[in-house]
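*Asks:* Any chance you could fold what I've pasted below:
(one chain, ligands or ions: 3)
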Amino acid sequence: MEKQTSVKDVVCWASPGCHDQCRLRVTVEDGRIVKMVGHPDYSKKRPQSCGRRLPHLTKWLYHPDQLSVPLKRAGERGQNQWTKISWEQALDEIAEKLTRLKKTYGPECLAVKEGTYRSDLYGIRARFLNLFGNPGNVVGPGTVCLTNRMQLYYALIGTAGLFQRHAAARSQVIDGCNFTESREISQWAGLRKRLKGGDYKLIVIDPRKTRIARSADIWLQIRPGTDTALYMSWIHVIIEENLYDEAFVRQWTHGFEDLRKRAREYAPEKVSEITWIAPDKIRESARIYATVKPSILNGGVASDQIGLNSIRAEQARVCLRAITGNMAVTGGEIYTGPGPLIDGKMGVRDAMLQLADKLPADQKAKQLGADRYKLMTWPGYDLINPHYQKLYGIPLCMSGHNFQAPEPLVWTAILTGKPYPVKALLTWSSNPMVNCADTQRVYRALKSPNLELHVMLEHFMTPSALLADYVLPAASKLEKPILSSFEDFTPLFVAGERAIQPMGQRRPDYDFFREMAIRLGFGEYFPWQTEEELADYRLKPLGLTFQEVATQKHVLRSSEPWTYATPHPATGEPSGFATPSGKIELYSNILKALGYDPLPFYEEPPESLTRTPEIAEKYPLILITGGRVKAFFHSENRQPGMGFRKQHPDPLMDIHPDTAGNLGISEGQWACIETRRGVIKQKARLTRDIDPRVVNVEAQWWFPEQPAEEPSLHGVWQSNANVLTMTDPESFDPVTGGWPLRALLCKVYKV
Ligand SMILES: Nc1nc2c(c(=O)[nH]1)N[C@H]1C(S)=C(S)[C@@H](COP(=O)(O)OP(=O)(O)OC[C@H]3O[C@@H](n4cnc5c(=O)[nH]c(N)nc54)[C@H](O)[C@@H]3O)O[C@H]1N2
Ligand SMILES: Nc1nc2c(c(=O)[nH]1)N[C@H]1C(S)=C(S)[C@@H](COP(=O)(O)OP(=O)(O)OC[C@H]3O[C@@H](n4cnc5c(=O)[nH]c(N)nc54)[C@H](O)[C@@H]3O)O[C@H]1N2
Ligand SMILES: [Mo]
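*Replies:* Ligands and ions are numbered 1, 2, ... in the order given. Okay, the predicted model is just below:
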């Protein structure tokens, strides 16, 4: 018999997770993927250099541990005893239980835990929750991962869509971001070319001398958690030395004099003591950023993960971009409205799927954390939304990770019933036992009998799935189509075909929300039987079909970005910014109205040598966690036999040889890392590229090869960085609720 062969244009199988959304072409033979290459129209421009192509892809997709049947817990949570059931039975039982819990405890008794961007379905999840009457008890990494700043942009600039032309830039600052290993890996090739071309300046801010730092003109080896102080000092230098863009500041910013006054407190000499960076280097780097223009100021995830006032680093970055006029030049960072605008029309954005107006107003106040952490919850949303809607004609997105309850509050609500009991949890595309702060606490919550229903949609039996009541097999990226507007942060649509039909009994996450909605009595709001139908609905206003976009275009964008200078379609006047003042708010009216300091400022990390010297006595080293490695996407890809584990078999702790020497630790030896919360072990990698006072441990380790059942839970306690991190509300950022994962205190010793 002849083989059935087809070719499909897909979005990379690791995306949207890795945020790069590379366009790939796969060959399918008799329903099996046999070949994967960069798309011919695309790969030249942005080579997919991360190495996740075949044969890794097939090893992952066809891995024997992939789930393919719905499972219902048979023994205790964590015993790894399951009964195979049908989807119908699972959906019916879950819906019945949800209905009962909702009736007894109210719709707020449900929480949703989700991971970083792994699907394009957040508008659908929001639609489901709003119709259910849930106040927005959605938790995930957004609060500590890049999207907290999106909400800040909405407050300060009125939009979050970034339009960058790297080729036109003359300099770049890369702060706490290591994209040879992690984020936007595809940028590295372009950056290297620009560096080789000369006439391009690179400043890197990182406690570790990464590969990018080695290529930099200036490497600022910063004390972890102090980026805001450095930026405030740059603002100080730039204003004192008149290096700012006077015309742009006058016309398009609000609060410059207040910022000037605030920045006076941050002279380089004083900030040098805080950051460990010499005053001359602070001055020199500030001058380069302000004068070698256009410049891109690229902040990685590090500054989002220091808890207390973490959002202030990004606030200072926004001020820097604005006062240097880099927000007004191609090659800098121009922000655009939502889109794409094609012939004046826009497709259906995430915000248009969310149906926020279906949520009864009195439910909003019940959102976990809304009383204290106000920017990313309803109080912030309700202040920002009118300005956004007025300018752009569509609602602000509350379906993305810019709108979240602080994650640790869900564990509190489960464990204590305060402020009210959370009884049901839906976890999809996330592995909370590994990625959430304070694993002990997460564990207690997931084991608690107070949690009456825990449903997990997964590809693999992770340590978190082992603690669930139902584990439903989710279709992977290649088994479902993608049409993504990136939670509305980009003015684009990105589309990729479904390569193959779901294997076994796996079903796309979309099906779960739709089937639940039908069973809970609001199925009429989910008329699309498949995601292809939903995608067609979203593109119809543009006169396009999903198939056309996925196979012929991949990315839809406006021919011209819609910026502050663009004449508004309704008035013909420059659009300006969707903020209370119509300008970029250096002094934020929104933060002020929410009861926060309107200006950026620096505060010591919650645990630090100077803030908590008594803790430092026992835990003298500064701990940073994260530091992604190319082989892994968060806690994924750890299964032996996938190839990735061969590339990187063990968890590594970076430590300076002098520090290691004093502790009697040698290269490759397992070492204990301990904080006030717990202790783990990782293998020591001795390197002079890290400050002797700092250690970096890799995050998100578990060991699928170790026993599944308790107490091991696939080795989740052995090397997992989050055993070391904390969830004390006093350590959170008061604006967003972000918790600290870096700049903590630890001690290290031989195993
Ligand atoms: N291969 C791979 N790629 C990924 C991911 C993955 O898991 N694997 N995850 C994706 C996701 S969701 C994210 S958020 C991004 C994250 O990508 P990145 O932003 O690059 O995050 P990390 O690699 O954790 O940390 C970057 C750097 O921050 C430095 N650092 C630590 N503390 C501080 C500090 O206080 N100040 C400064 N200035 N630097 C500090 C570390 O030394 C490290 O080199 O990567 C995305 N891409
Ligand atoms: N200590 C410390 N902790 C951290 C970080 C750190 O730097 N240090 N980084 C934080 C950051 S920035 C982030 S973004 C988070 C990441 O945290 P998460 O995004 O939750 O990442 P994972 O732990 O990999 O869990 C994702 C799970 O979803 C499954 N999955 C993948 N795709 C799909 C899908 O399409 N559908 C379904 N249903 N499941 C899917 C995978 O099999 C995997 O088990 O971790 C955070 N935690
Ligand atoms: Mo992230």
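*Asks:* Who does the closest residue to Gly299 other than its chain neighbours form a beta bridge with?
*Replies:* Leaving aside its chain neighbours, Gly299 sits nearest to Asp175 (4.8 Å; criterion: C-beta to C-beta, 6 or more residues apart in numbering). C-beta here means a position set from N, CA and C on the backbone, and glycine is covered the same way. Beta bridges link Asp175 to Ile205, Gly299 when assigned by DSSP bridges.
*Asks:* Run a quick check on Asp175 versus Leu202, I expect a contact.
*Replies:* No. Look at Asp175 against Leu202 with C-beta atoms under 8 Å: they stay out of range, at 11.6 Å.
*Asks:* Find residues that contact each of those two.
*Replies:* In terms of C-beta atoms under 8 Å, 6 or more residues apart in numbering, Asp175 and Leu202 are not both contacted by any residue.
*Asks:* Spatially central residue for this structure, please.
*Replies:* Taking C-alpha atoms, centre = their mean, the centroid of the chain lies closest to Cys145, which sits 3.8 Å from it.
*Asks:* Contacts only, for it.
*Replies:* Residues counted as contacts of Cys145 (C-beta under 8 Å, 6+ apart) are Thr116, Val301, Asp304, Gln305, His401.
*Asks:* any chance of those in CSV, plus secondary structure?
*Replies:* What follows is these, written out as CSV (DSSP: H, G, I helix; E, B strand; the rest coil):
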residue, secondary structure
Thr116, coil
Val301, coil
Asp304, helix
Gln305, helix
His401, coil
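*Asks:* From the residues you listed, pick the one nearest Ser666.
*Replies:* Gln305 (29.9 Å; C-beta to C-beta).
*Asks:* now that closest one: how far from Tyr289?
*Replies:* 23 Å (C-beta to C-beta, to the nearest Å).
*Asks:* Would you mind confirming that Gly299 is in contact with Val318?
*Replies:* No. Applying C-beta under 8 Å, one finds Gly299 not in contact with Val318, separated by 10.1 Å.
*Asks:* Give me the neighbour count for Gly504.
*Replies:* Gly504 has 11 neighbours, counted by other C-beta atoms under 10 Å.
*Asks:* surely Asn130 meets Ala356?
*Replies:* Yes. The pair Asn130 and Ala356 passes the contact test of C-beta under 8 Å, sitting 5.9 Å apart.
*Asks:* So if I had to pick from the two, which one is more boxed in?
*Replies:* Asn130 (24 against 21).
*Asks:* Which of the three states applies to the more buried one?
*Replies:* Assigned with three-state DSSP, Asn130 falls in the helix class.
*Asks:* hang on, Pro473 in a helix?
*Replies:* No. Counting by three-state DSSP, Pro473 is not part of a helix but strand.
*Asks:* ok, now which ones touch it?
*Replies:* When contacts are counted by C-beta under 8 Å, 6+ apart, Pro473 is found next to Gln66, Leu67, Ser68, Val69, Pro70, Glu458, His459, Gly504, Gln505, Arg506, Arg507.
*Asks:* Would you mind checking the residues you listed for buried ones?
*Replies:* Neighbour-count burial (16 or more other C-beta atoms under 10 Å) applied to the contacts of Pro473 gives Gln66, Leu67, Pro70, Glu458, His459, Arg506, Arg507.
*Asks:* State the distance from the second one to Lys553.
*Replies:* With distances taken as C-beta to C-beta, Leu67 is found 34 Å from Lys553.
*Asks:* quick one on the thing from earlier: so how far is Pro268 from the residue nearest to the centre of the chain?
*Replies:* Cys145 is 30 Å from Pro268, where distance means C-beta to C-beta.
*Asks:* Please apply the same query to Val471.
*Replies:* In terms of C-beta to C-beta, Val471 sits 54 Å off from Pro268.
*Asks:* Neighbour count: the two, which is higher?
*Replies:* Val471 (27 against 22).
*Asks:* Give me every residue in the protein lying close to ligand 2.
*Replies:* 115-116, 118-119, 141, 144-145, 301, 305, 428-431, 434-435, 457-460, 462, 474, 509, 625-626, 634-636, 699-700, 721-722, 725, 741 (C-beta under 6 Å from any ligand atom).
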